[in-house]
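Asks: build the 3D model from these lines:
(one chain, ligands or ions: 1)
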Amino acid sequence: MSDQLERLAKLPLRENLRGIEPYGAPQLDVPILLNVNENTHPLPAAVSRAISEDVSAAATDLNRYPDREFTELRERLAGYLGHGLGAESIWAANGSNEVLQQILQAFGGPGRTVMSFPPTYSMYPLLASGTDTTYLAGARGEDFGLSAQSAADQVAAAAPNLVILCSPNNPTGTALGLDVVEAVYEAGRASQAIVIVDEAYAEFALSGTRSALTLLPGRERLIVTRTMSKAFALAGARLGYLAAAPEIADALRLVRLPYHLSAVTQATANAALKQVDALLATVEDIKGQRDRIVSELTRLGLKPAVSDSNFVFFGGLEHSSATWQGLLDAGVLVRDVGIAGHLRVTAGTEAETTAFLHALEALVSSAPKTDSGHDS
Ligand SMILES: *Cc1c(COP(=O)(O)O)cnc(C)c1O
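Replies: Numbering: from 1, shown residues only. Just a heads-up that it's a prediction; the model follows:
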């Protein structure tokens, strides 16, 4: 047991928090950080200037509480999403993680269940523990795929109160077909399941990938979550949001803390949303680097998954932890998601991506060759 857990064990902690570890992607001081799927391109200077000006104007009024309803921000987010959505269908919080937490506070809790399909975002079970919601791990098929039939059968059998579908999925990178979302929504009818589609990486999807936003009309139990942390390059600003039926936002008003979105956060997000085109200009470049990683890894005999995101999950490594360490020694931090033979890398700038590919090629060509990975 770690020192930290040993100290924790002495406290009268809630039963369902005992023995669990906090979320902890390593924050190491390494030249090339490709481990948490940030947008590694710095903000365009014009955008950071516009943000500074608006934040500085907001500073004059910091003696007052901010707009509790963040009306301007909801209008701007609705305008950005399109699909005929109005401000009443939008809700936001400090990162989409807080949005998810609020959804679990309102619809989960003691005696209730939330289901998702690992390998998926590692925060889902932690958010479940934090809200005392029982976490149900569904199963995926070969190559970590999830078919509409399998997902629907599992949801019908488990009758969960909530289902979280991550699309594009983290850590595998692949988007789900909307047939999966539709089938899960129907299968959840009996348990009145709230179905959340976490679209944190939607802006990076391959062309032709449709957003679950198109399914919202007529589905009052469906929620689509988004974030400004990835494509918008604003991970440090902490702004996540959702689109759903207006009554979902009303439910979240029951659990949010008063004035949860600070005036500084609102000013930052609003300023960024006035500059959407400049901010999203890096997305095409990142998609290009992502596609380059997929083709280069294939050339090296590795097995990258189809990626609709700004990262690539790949298998075919003989010793993935040794490869992770070798990359770190070369100054490149990637993510070991705990799946044997696999690693996950964020698509960086062209120079960062080149450094990663060179370091990996050196490691793979010096390692003894085997003809198969550890695909489960
Ligand atoms: C990065 C990520 C998020 C974003 O979290 P924020 O709290 O908005 O920074 C949400 N979901 C998934 C699957 C992610 O990978």
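
Asks: could you measure from the closest residue to the ligand within the chain over to residue 234?
Replies: The minimum distance from the chain to the ligand, using CB to the nearest ligand atom, falls at residue 95 (2.6 Å). From N, CA and C alone the C-beta is placed, and that goes for glycine too. Separation of residue 95 from residue 234 (CB to CB, to the nearest Å) stands at 10 Å.

Asks: could you dump the worst-scoring helix or strand of the chain on mean pLDDT to CSV, C-alpha only?
Replies: Least confident helix or strand, the chain: helix 3-9 with a mean of 83, by mean pLDDT, DSSP states H and E. As requested, C-alpha coordinates have been extracted for helix 3-9 and formatted as CSV (Å, rounded to 0.1, in the frame of the first residue of the first chain):
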residue,chain,number,x,y,z
ASP,A,3,2.0,5.9,2.1
GLN,A,4,-0.9,8.0,0.9
LEU,A,5,-3.3,5.1,1.0
GLU,A,6,-2.0,4.0,4.4
ARG,A,7,-2.6,7.5,5.8
LEU,A,8,-6.1,7.6,4.2
ALA,A,9,-6.9,4.2,5.7
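
Asks: give me the sheet partners of whichever helix or strand comes after that helix and which way each runs.
Replies: Once the chain leaves helix 3-9, the next helix or strand it forms, by DSSP states H and E, is strand 32-33. With DSSP bridges as the test, strand 32-33 is paired with strand 332-333 (parallel).

Asks: ok, and what's touching the strand it pairs with?
Replies: 26, 28, 30-35, 327, 352, 355-356, 359 (CB atoms under 8 Å, 6 or more residues apart in numbering).

Asks: repeat for stretch 28-41
Replies: Contact with stretch 28-41 is made by 25-26, 170, 201, 229-233, 235, 282, 285-286, 309-311, 328, 331-335, 344-349, 352, 355-356, as judged by CB under 8 Å, 6+ apart.

Asks: now the strand or helix carrying residue 362: buried residues?
Replies: According to DSSP H and E, residue 362 maps onto helix 350-366. Neighbour counts over helix 350-366 (16 or more other CB atoms under 10 Å) mark 352, 353, 355, 356, 357, 359, 360, 363, 364 as buried.

Asks: burial count for the residue lying closest to residue 336 once chain neighbours are set aside?
Replies: Nearest residue to residue 336, sequence neighbours excluded (CB to CB, 6 or more residues apart in numbering): residue 324, at 4.6 Å. Neighbours of residue 324 under the rule other CB atoms under 10 Å: 19.

Asks: tell me who's in contact with residue 324.
Replies: Residues counted as contacts of residue 324 (CB under 8 Å, 6+ apart) are 334, 336, 343.

Asks: give me the secondary structure label for it.
Replies: Recorded secondary structure, residue 324: helix (DSSP: H, G, I helix; E, B strand; the rest coil).

Asks: just the pLDDT at residue 232, thanks.
Replies: We have a pLDDT of 95 for residue 232.

Asks: which non-adjacent residue is nearest it?
Replies: Excluding the flanking residues, the one nearest residue 232 by CB to CB, 6+ apart is residue 279, at 5.4 Å.

Asks: near the ligand too, which of the contacts of stretch 28-41?
Replies: 170, 229, 230, 235 (CB under 6 Å from any ligand atom).

Asks: ranges for the strands of the stretch 101-250 of the chain?
Replies: Per DSSP state E, counting those that start in this stretch, the stretch 101-250 of the chain carries strands over the ranges 113-116, 134-137, 162-166, 194-198, 222-227, 240-244.
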